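> Make a model of this:
(4 chains)
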There are 2 protein chains.
Amino acid sequence: MTPTRRTRAEQQAQTRQRLIDAAEQEFTARGFEGSTIDAITERAGYTRGAFYSNFASKAELLTALGAHRISSFVRDVLPGMVGDDASDALAAARWLAEQTPATELLLLIEMARLRDTNPELDGTIRGFMSGVIEFIAEVLPQAGSERPDETPQLRAMRSRALLTVVTGVRVMRHLDVDVDPSTVAALLTAAANLSPADVEATSSEARR
Amino acid sequence: MTPTRRTRAEQQAQTRQRLIDAAEQEFTARGFEGSTIDAITERAGYTRGAFYSNFASKAELLTALGAHRISSFVRDVLPGMVGDDASDALAAARWLAEQTPATELLLLIEMARLRDTNPELDGTIRGFMSGVIEFIAEVLPQAGSERPDETPQLRAMRSRALLTVVTGVRVMRHLDVDVDPSTVAALLTAAANLSPADVEATSSEARR
DNA sequence: GTCTTCAGATACAACTCCGTATCCGAATAC
DNA sequence: GTATTCGGATACGGAGTTGTATCTGAAGAC
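Numbers count the residues shown, from 1 in each chain, chains lettered A, B, ... in the order given. Predicted coordinates:
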């Protein structure tokens, strides 16, 4: 059925990966403490023995999962979100609306809550976020390439603003609040086109 | 030490409230499944007996906590966030930045994750969100009262947009990403001043 | 003042989960 | 082909958690 690996190293790598995948599903469905090692291994098609010969503890599995998510999210998901087809803000908004529940985001939030007891997660989270922000900053200019005045700082600022909006939308969706695509699109373009002038303007304008 | 209530009803109400407060701390610190009834009751200064004579299960306590949070957040926290002193967007942004970790938001996210196993949470979440959105919609006009063309729909739209941005910022902060106050301020005013024209513009503008 | 009721404490039984210790069988080395 | 190594399975002890069942002391009724 599944193409069986041959060498021991390949075999174990596959086992390890399946455990990580299963853990992601369990974690997002039941939370970290809510997930049991038995449930994870069973979902992956193994027993507890397989788990303990690959990881020392549940926390270590979480760390491994975080590291795995960093790369795959930046490589596979983000590009469709900011670049390419989504250079149109409205398209990006629709893409956001159609996305399946924000698994990695919820995972990140959970990891953040576990920082106190598992300090090693701190680096994982930080790495993930800076990776995402850098990626967005790189892709951003394509959507507004007619503006040559962009400093790296400005791009970074716009990137963070964009990520903030995207995150907000995803959380709202997770909380069953509908934000209609045109609103999302408007927010996205506002974030992507932030300029120092805008920022100056805000305080005086709102101050009436 | 603590002013002791007299009647049974008052006494029990106090106990119940203390259990709810303790539960909130435990839940936000360790998550729902991560918290034990023993830890909650002990933190509140009671034993398991007190718990089971006030709640049928941990899930019921969570629901009670959610209901309690709905009112207190809308009454006590939100006003400082959108109205009054914060009619200045920059002030609102700073207020956001200074806020302690977004306890009720994290609680809400956790509750959303538990929807599948506890369907009654669905109504709680929905009630909370619509309450917040309505509140923002009511307070909003004060900040931009010179615009008389506001339809209820537009106000609702702006309210949702604002809440989206606020939520995004709070999550970013929880994930240790700094979004500087001026950026937040710019996003907030953009959200608060959304107009149908903006929305129309986005698609064509971004489409180049 | 006596009796009743009930909030909360204590004790207990069943269950679940974790981690280790032991075992098995198939790749690797020779 | 035989010996060895090691990924993964099985078995078990121990700790922690939940829910119930029973008990107690003080508030309320009369």
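> for A:Ala56, helix, strand, or coil?
At A:Ala56, secondary structure determined by DSSP: H, G, I helix; E, B strand; the rest coil is coil.
> Counting neighbours, what do you get for it?
9 (other CB atoms under 10 Å in any protein chain shown). (C-beta placed from N, C-alpha, C; glycine too.)
> Look at it and report its pLDDT.
Here, the pLDDT recorded for A:Ala56 equals 94.
> And for the one 3 residues further on?
Among the per-residue scores, A:Ala59 holds a pLDDT of 92.
> how near is the nearest residue to it once chain neighbours are set aside to A:Glu24?
Closest residue to A:Ala59 apart from its sequence neighbours, by CB to CB, 6 or more residues apart in numbering or on different chains: A:Asn118 at 5.1 Å. In this view, A:Asn118 and A:Glu24 are 17 Å apart by CB to CB, to the nearest Å.
> Looking at chain A, which residue is nearest DNA strand D?
Of all residues in chain A, A:Gly49 sits closest to DNA strand D, at 1.8 Å by CB to the nearest atom of the strand.
> returning to that earlier point: quick one, which of A:Asn118 and A:Glu24 is more surrounded?
With neighbours defined as other CB under 10 Å, A:Asn118 and A:Glu24 compare such that A:Glu24 has more, 20 against 17.
> List the buried residues of stretch A:153-166.
Neighbour counts over stretch A:153-166 (16 or more other CB atoms under 10 Å in any protein chain shown) mark A:Leu154, A:Arg155, A:Met157, A:Arg158, A:Ser159, A:Arg160, A:Ala161, A:Leu162, A:Leu163, A:Thr164, A:Val165, A:Val166 as buried.
> want to try JSON lines for those, with pLDDT and secondary structure as columns?
Formatted as JSON lines, the buried residues of stretch A:153-166 follow (pLDDT from 0 to 100; DSSP: H, G, I helix; E, B strand; the rest coil):
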{"residue": "A:Leu154", "pLDDT": "91", "secondary structure": "helix"}
{"residue": "A:Arg155", "pLDDT": "91", "secondary structure": "helix"}
{"residue": "A:Met157", "pLDDT": "94", "secondary structure": "helix"}
{"residue": "A:Arg158", "pLDDT": "94", "secondary structure": "helix"}
{"residue": "A:Ser159", "pLDDT": "94", "secondary structure": "helix"}
{"residue": "A:Arg160", "pLDDT": "96", "secondary structure": "helix"}
{"residue": "A:Ala161", "pLDDT": "97", "secondary structure": "helix"}
{"residue": "A:Leu162", "pLDDT": "94", "secondary structure": "helix"}
{"residue": "A:Leu163", "pLDDT": "95", "secondary structure": "helix"}
{"residue": "A:Thr164", "pLDDT": "97", "secondary structure": "helix"}
{"residue": "A:Val165", "pLDDT": "96", "secondary structure": "helix"}
{"residue": "A:Val166", "pLDDT": "94", "secondary structure": "helix"}
